[in-house]
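**Q** have a look; sequence and predicted model below, questions after that.
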Amino acid sequence: MKLKPAPLVIPEDDPFKNDALGRKPMIESLTTLVSDVTPPFVICVDSPWGTGKTTFLELWRAHLRKLANRSLSILYFNAWETDFAEDPLVAFVGEIATLAESTDVEKMNAGQIGAVKKIGGELARRSLSTASTPGGVVSTKNENNSDSDPLMGPYQSTSVIEEYEGTKKLIEKFRSALKSLIDGLTKDADDPRLVVFVDELDRCRPSYALSFLERTKHLLNTPNVVFVLALDKKQLHASIETAYGSRTDSENYLRRFIDLEFSLRVNATNPAFADYLFGQFDFQPIFAKRLGPVTRYDASNLKGTFVELSTLFGLSLRAQAQCFTRFRIALQLTTSNFLIYPELLALLVVLRMADRDVYEKFISASGSASDLLNCVSRQFGGNAFLKSRSGIIIEAIAIAAKRIRYGQMEPPEFTRYQKLIAQPKSPGTKLSEDQERAQAVMEHIAHISKFDASPDLDYVVSKIELTKDAKY
């Protein structure tokens with residue numbers, strides 16, 4: 001049973017073949033930017049967690065590789081996977097060697113990579129030594145206790161001032177070594193450059209994320225290098241304020257490192273993404289067995305209701321995938337002839353993801369459909385949704401589900417709608433808008449009751465929460 005989607009398959013010859021979110025135009029525009037901009041340059045791709053930043057970078061990287069632009073070399077650095085390191089500079093410089101994986105062996109210069117790693121390692125060592133050595137005196141002997149290193153040249157020192165001056169020179173030497181490496185990797189190119197993708201910086205521990213920016217700020221200013229930082233700025237703002245105080249101007253702090261930022265906007269409510277998730281979670285065998293007069297529409301009803309509700313509540317891509325995990329479990333544990341009501345299943349799972357408090361109240365013995373409707377109405381476009389056919393069906397199913405629970409009395413909404421419809425009116429006058437809607441809801445409840453198969457709220461909740469094994 002598949003309970004999570006597999007990573008997006010990105011074919012080398014057609015990177016956007018399986019992309020259901022239409023990211024190609026944005027990536028093509030950004031590719032033109034990184035190809036034409038004068039480096040050094042730092043771009044920030046800002047988007048909340050779970051909105052597809054990693055997949056976006058992977059698609060972009062695959063697109064650049066497909067172009068086979070001799071002027072561009074590509075380095076991908078996952079900051080979250082390296083935050084076990086004490087110093088992010090060590091981790092970053094260590095990843096330089098991976099450039100060999102995307103470059104022809106004939107173009108590689110092992111000496112150039114070795115120089116970048118050696119100088120970068122010395123920069124990291126100096127930072128750690130200065131912070132930990134008493135009296136500000138730094139020992140720069142290597143492991144063999146030799147007093148000098150040919151690669152480091154005259155930049156070894158013993159005093160703090162000399163260490164500072166030597167470090168400034170080492171930074172320039174690192175930039176020069178990296179530029180030479182880029183020139184070697186992009187042989188014969190008129191305008192060689194390195195595009196560095198830095199992913200998941202916002203998922204790192206706060207101290208590591210800030211240390212990465214501060215330790216690499218001089219490297220971000222390296223000629224011929226374009227950095228692309230994928231992160232959630234709100235999360236990074238919180239890290240900055242945690243480290244430096246709530247009164248810190250975190251926005252201006254980040255401007256020290258970023259030249260251009262843009263928000264990653266994808267159509268997360270695209271029905272094509274729901275189709276993609278249906279395929280990823282292998283629903284076809286389940287719905288192929290639900291071919292009764294009513295259940296044969298379960299697949300389309302589940303998908304349609306989910307798309308509308310996930311749009312209404314603004315669920316992220318990751319949140320949508322997690323909803324499908326619960327759909328898969330609930331349907332897998334339900335016999336093919338049982339009327340689980342896919343609209344109710346979609347409603348409960350989305351509500352559980354979007355507003356857990358309202359979900360818990362609604363499924364409790366004291367909860368009512370009004371709790372749910374009030375939550376929906378607070379969303380942008382919520383009132384319009386409730387007036388739509390889908391909204392009427394959702395409300396009717398919610399009321400019907402509460403109506404049979406524990407043999408309770410008629411739900412308050414049921415009684416209120418009965419009274420509203422029964423209000424006296426002048427002969428020949430039409431029902432008011434509220435009366436028409438109330439009548440539509442009551443007619444749908446009557447339609448459900450006609451089949452003597454009202455939605456079983458307890459059963460659906462038990463499958464979502466795996467709290468009990470209902471006997472069906």
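**A** Happy to help now that I have it. Numbers count the residues shown, from 1 in each chain.

**Q** what segments of the chain are strands?
**A** For the chain, the strands defined by DSSP state E occupy 41-46, 72-78, 193-199, 225-231, 260-263.

**Q** quick one: the second one to strand 193-199, angle?
**A** Using axes from the mean of the first three to the mean of the last three Cα atoms, to 10 degrees, the inter-axis angle of strand 72-78 relative to strand 193-199 is 20 degrees.

**Q** tell me what strand 72-78 is packed against?
**A** Applying 3 or more Cβ pairs under 8 Å, 6 or more residues apart in numbering; DSSP states H and E, we find strand 72-78 packed against helix 53-67, helix 88-95, strand 193-199. C-betas here are computed from N, CA, C, even on glycine.

**Q** off-centre distance for the second one?
**A** Taking Cα atoms, centre = their mean, to the nearest Å, one finds helix 88-95 lying 25 Å from the centre of the chain it belongs to.

**Q** ditto for the last one
**A** With Cα atoms, centre = their mean as the basis, the distance from the averaged C-alpha position of strand 193-199 to the chain average is 20 Å.

**Q** and what of stretch 294-305?
**A** 27 Å.

**Q** buried residues, that stretch. List them.
**A** 295, 298-299, 301-305 (16 or more other Cβ atoms under 10 Å).

**Q** same question for stretch 201-209.
**A** Result for stretch 201-209 [16+ other Cβ under 10 Å]: buried residues 201-204, 206, 208-209.

**Q** also stretch 316-330?
**A** For stretch 316-330, by 16+ other Cβ under 10 Å, it's 316-317, 319-330.

**Q** identify the residues contacting that stretch?
**A** 1-5, 21, 48-52, 266, 268, 273-274, 277-278, 280-283, 302, 306, 310, 315, 340, 345-346, 349-350, 352-353, 460, 463-464, 466 (Cβ atoms under 8 Å, 6 or more residues apart in numbering).

**Q** and the buried ones among those residues, selectable in ChimeraX?
**A** Burial among the contacts of stretch 316-330 is assessed by 16+ other Cβ under 10 Å; the matching ChimeraX selection reads:
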select :5,21,50,51,52,266,268,273,274,277,278,280,281,283,302,306,310,315,340,345,346,349,350,352,353,460,463,464
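
**Q** looking at the contacts of stretch 316-330, which are in helices?
**A** If you go by DSSP state H, those have 273-274, 277-278, 280, 302, 306, 310, 345-346, 349-350, 352-353, 460, 463-464 in helices.

**Q** so who does D13 touch?
**A** With contacts defined as Cβ under 8 Å, 6+ apart, D13 is in contact with K66.

**Q** for Q280, see how far away it is.
**A** From D13 across to Q280, the span is 22 Å (Cβ to Cβ, to the nearest Å).

**Q** cool, P427 as well?
**A** From P427 to Q280 the distance is 58 Å (Cβ to Cβ).

**Q** then K430?
**A** 48 Å.

**Q** would you reformat the helices and strands packed on strand 72-78 as JSON lines and include mean neighbour count, mean pLDDT and distance to L260?
**A** Shown next, in JSON lines, are those (neighbours: other Cβ atoms under 10 Å; pLDDT from 0 to 100; distance: least, Cβ to Cβ, whole Å):
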{"stretch": "helix 53-67", "mean neighbour count": "19", "mean pLDDT": "92", "distance to L260": "15"}
{"stretch": "helix 88-95", "mean neighbour count": "21", "mean pLDDT": "80", "distance to L260": "21"}
{"stretch": "strand 193-199", "mean neighbour count": "23", "mean pLDDT": "89", "distance to L260": "14"}
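
**Q** out of the ones you listed, which gets nearest to I392?
**A** helix 53-67 (36.4 Å; Cβ to Cβ).

**Q** so what's the residue nearest to R175 when sequence neighbours are not counted up against?
**A** Spatial nearest neighbour of R175, excluding adjacent residues (Cβ to Cβ, 6 or more residues apart in numbering): T222 at 4.6 Å. With contact taken as Cβ under 8 Å, 6+ apart, T222 is in contact with 40, 174-175, 178-179.

**Q** name the residues of the longest helix belonging to the chain that come out as buried.
**A** Longest helix of the chain, by residue count under DSSP H: helix 160-185. Residues of helix 160-185 classed as buried: 163, 166-167, 170-171, 173-175, 177-179, 181-182, 184-185 (neighbour count, 16+ other Cβ under 10 Å).
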